[in-house]
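Q: Below: sequence and its predicted model.
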Amino acid sequence: MNIGFIGIGNMGGAILSGYASSPASSEDRLLAFDMNRSLCEKTGGEISGLEICGSSRELCQKSDMIIIGVKPQVIEGVLKEIKPFMRRDMITVSMAAGVSIGFIEDIIGKDSVIIRIMPNTPAKVGEAMVAMCRNANVDDGSFAAARRIFDSIGRAEEVEESLIDCVIGVSGSSPAYTYMYIEALVSAAVEHGMEESKARVFAAQSVLGAAKMVLESGESLEQLRINVCSPKGTTIEAVEKLFENHFMDKVKEGFQAAFDRSVEMTEERAASEKGKEK
């Protein structure tokens, strides 16, 4: 396929570089455009075979699928700009938070083939979690073509669009909570004499291993926790202290804050559109 990336900043660029380095991209033609020309030059120099386009129009005319990685505030303008050059069978993929499939349909047409995704930043290291939802015009073949891209940079799962706010809380924003947890462990280790560089490895590898146990073990999360806690041992002391300080409740509160803000962003955009109609 001819796959075009409009917007190759943090997230769009992570997906582009991750996919370009995977075997899945070997037969695809990859194109990119970004208003930041120096970023285009830098990315073009880093990714062999990447074709840098001079405009979003040029990219659109050459692509079978476009992956739009621009900020939510500017996606409307981008969509309106490329609409005249889009074919009916072109697959449009958006990752803009707070921008619904319905909003995109209103701009480029109800008959458009649209996939909405919610990725996260571990795409940069090939360990993204990507939620995917589609409109009624996306057949299984088109969806599989898109999913192939996102599976190659981590893991992709289809969800109903109504779950996107939940996805933001549980995976879209959660790397930040995880970094905070690792940061706290590293800080504590440094305070007790370990070098920071070594503490980062110990903490991060432990999180990586625990996450792999969750994905590969059939045991419940509660049982996995219990398995580590020997009676009267060190781990049970730590776990009881975390329970005492409502650790899990605080994490849920963080999730809820991300969820609520996602809902607000969608509502704000809807209100803005109604204001324009008046």
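A: Structure received. On a predicted model such as this, the values are computed, not experimentally measured, just so you know.

Q: Could you use CA atoms for every contact and neighbour count after this?
A: OK.

Q: so A20 makes contact with I47?
A: Yes. At 7.0 Å, A20 counts as touching I47 under the criterion of C-alpha atoms under 8 Å.

Q: And the two? Which one has more around it.
A: Taking A20 and I47 together and counting by other C-alpha atoms under 10 Å, A20 has the greater number of neighbours (22 against 14).

Q: Could I get the pLDDT score of the more buried one?
A: Listed pLDDT for A20 reads 93.

Q: likewise L221?
A: 97.

Q: Show the contacting residues for it.
A: Taking C-alpha atoms under 8 Å, 6 or more residues apart in numbering as the contact definition, L221 lies against V214.

Q: and what of S171?
A: Counting by C-alpha under 8 Å, 6+ apart, S171 has contacts 119-120, 129.

Q: so how far is I91 from G141?
A: Noted for G141: a distance of 11 Å to I91, by C-alpha to C-alpha, to the nearest Å.

Q: more neighbours, those two?
A: Just comparing G141 and I91: by other C-alpha under 10 Å the higher neighbour count belongs to I91, 24 against 9.

Q: So what touches the strand or helix carrying F143?
A: If you go by DSSP states H and E, F143 is part of helix 140-151. Contacts to helix 140-151, defined as C-alpha under 8 Å, 6+ apart, come from residues 15, 19, 24-25, 91, 115, 128, 130, 132, 134, 156.

Q: May I see the buried residues of it?
A: By neighbour count on 16 or more other C-alpha atoms under 10 Å, the buried set for helix 140-151 is 142-143, 146-147, 149-151.

Q: still on that earlier bit, with the contacts of S171 in mind, which one is nearest to S187?
A: The nearest member of the contacts of S171 to S187, counting by C-alpha to C-alpha, is N120 at 25.0 Å.

Q: R116: helix or strand, and which one exactly?
A: strand 113-118.

Q: now the helix or strand following that strand: mean pLDDT?
A: Next helix or strand after strand 113-118 toward the C-terminus (DSSP H and E): strand 128-134. Over the span of strand 128-134, the pLDDT mean works out to 97.

Q: Could you do stretch 154-169 as well?
A: Mean predicted lDDT for stretch 154-169 stands at 96.

Q: can you list contacts of it?
A: 118, 123, 126-134, 147, 150, 174, 254-260, 262-263.

Q: same thing but at 6 Å, please
A: 126-133, 150, 255, 258-259, 262 (C-alpha atoms under 6 Å, 6 or more residues apart in numbering).

Q: Tell me the one among those residues nearest to I104.
A: Distances from I104 to the contacts of stretch 154-169, taken as C-alpha to C-alpha, are shortest for C133 (13.2 Å).

Q: is that closest one in a bridge, and if so with what?
A: Judged by DSSP bridges, the bridge partners of C133 are R116.

Q: count of residues packed around it?
A: There are 21 residues near C133, going by other C-alpha under 10 Å.

Q: mind listing what it touches?
A: 115-116, 158-161.

Q: hang on, the earlier thing: just give me the closest of the contacts of S171 to E267.
A: Using C-alpha to C-alpha, the contacts of S171 come closest to E267 at P119, 21.0 Å.

Q: Just the residues contacting stretch 79-99, thanks.
A: 57, 61, 64-68, 72, 108, 113-118, 265-266.

Q: got the residue ranges for the helices in the protein?
A: Per DSSP state H, the chain carries helices over the ranges 10-20, 37-46, 56-62, 75-82, 101-108, 140-151, 164-167, 174-191, 196-216, 221-228, 234-244, 247-277.

Q: Would you format these as TSV with distance to M95 included?
A: Below are these laid out as TSV (distance: least, C-alpha to C-alpha, whole Å):
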stretch	distance to M95
helix 10-20	9
helix 37-46	20
helix 56-62	17
helix 75-82	10
helix 101-108	10
helix 140-151	12
helix 164-167	11
helix 174-191	17
helix 196-216	25
helix 221-228	30
helix 234-244	35
helix 247-277	13
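
Q: out of these, nearest to G4?
A: Between those, helix 56-62 lies closest to G4; by C-alpha to C-alpha that is 6.2 Å.

Q: can you list contacts of that closest one?
A: Helix 56-62 is contacted from outside by 53, 82, 85, using C-alpha under 6 Å, 6+ apart.
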